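>>> One predicted model, sequence on top.
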Amino acid sequence: MKKLLLFTLLIPLLAACGTKVERMDPSVAKDLSGNWNDTDSRMVAETMIDECLNGPWYAKAVKATQGKEPVVIVGTVSNTTMEHINTDTFVEEMQRALINSGKVEFVASSQERGDIRQERLEQDEYASEDTRKAFGKEVGADYMLSGVLSSIVDQEGRKSVVFYQVNMKLIDITTNKILWNGQKQIKKYVAKKSLKL
């Protein structure tokens, strides 16, 4: 009888431990923890893309290259917050939108270039003469895109205000001049409920 009673009491507890998965539209904002999430990443990317493409640097860059699209490489985008944030998400979104705008060209990152150069080495040995790709024909970047994601947390008990700031820069590789500096700020008020037993 005791076993049956114990089992009856455990059923609701076990049912509460089950996992429920629900597909969502990626554009729907859903905050669970108050930490940085996909919505924040998308907001940053949208702001930066708009600012970058409409900044005065662009007309000057096109004029300097006699009408050719500026060539950009992605440098370091560092995360100085206390959270684990994958900065690749909004950087890739920015890169994709800038390329698809037809106004900017990108060259592969240093890691990607390493993979490509290894492929060329292997082609030298294994590919036919008419299909192998030669060294020394890479396109050099004119500008480097870099940035930093930082945050300030003000917390009292179970309530906190989290302030995020993302700064992105476009730097002329020849002169080291910063031609564009975009910024996006996000502020969140987070109130965590106390557990009721």
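Thanks, I have it.
>>> Helix or strand next in line after the lowest-mean-pLDDT helix or strand in the chain, which one?
When the helices and strands of the chain are scored by mean pLDDT, DSSP states H and E, helix 2-16 comes last with a mean of 61. The helix or strand immediately downstream of helix 2-16 is helix 38-54, counting by DSSP states H and E.
>>> so what secondary structure elements neighbour that following helix?
Packing partners of helix 38-54 (3 or more CB pairs under 8 Å, 6 or more residues apart in numbering; DSSP states H and E): helix 88-100, strand 159-172, strand 178-191. C-beta here means a position set from N, CA and C on the backbone, and glycine is covered the same way.
>>> is it possible to export those to TSV including mean neighbour count?
Below are the helices and strands packed on helix 38-54 laid out as TSV (neighbours: other CB atoms under 10 Å):
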stretch	mean neighbour count
helix 88-100	18
strand 159-172	18
strand 178-191	15
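>>> Can you add mean pLDDT and give those back as TSV?
Listed next are these as TSV, based on pLDDT from 0 to 100:
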stretch	mean pLDDT
helix 88-100	89
strand 159-172	94
strand 178-191	93
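>>> Export those as a markdown table, with columns for distance to Gly136.
As requested, the helices and strands packed on helix 38-54 are exported to a markdown table (distance: least, CB to CB, whole Å):
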| stretch | distance to Gly136 |
| --- | --- |
| helix 88-100 | 24 |
| strand 159-172 | 24 |
| strand 178-191 | 28 |
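>>> which stretch among these comes nearest Ser109?
The minimum distance between Ser109 and the helices and strands packed on helix 38-54 falls on helix 88-100, with 9.5 Å, by CB to CB.
>>> Just the residues contacting that closest one, thanks.
For helix 88-100, the external contacting residues (CB atoms under 8 Å, 6 or more residues apart in numbering) are 38, 41-42, 44-45, 48-49, 52-53, 72, 74, 77, 104-106, 145, 147, 166, 168.
>>> switch to 6 Å and redo it
Outside helix 88-100, the residues that touch it by CB atoms under 6 Å, 6 or more residues apart in numbering are Ser41, Val44, Ala45, Met48, Ile49, Val74, Val77, Val104, Phe106.
>>> so which of these comes closest to Asp172?
Of those, the one sitting nearest to Asp172 (CB to CB) turns out to be Val104, at 14.1 Å.
>>> Ramachandran angles for that closest one?
Main-chain torsions, Val104, degrees, to the nearest 10: phi -140, psi 140.
>>> Compute the distance between the spatially closest residue to it that is not a sequence neighbour and Glu125, please.
Spatial nearest neighbour of Val104, excluding adjacent residues (CB to CB, 6 or more residues apart in numbering): Leu98 at 4.4 Å. According to CB to CB, to the nearest Å, Leu98 stands 36 Å off from Glu125.
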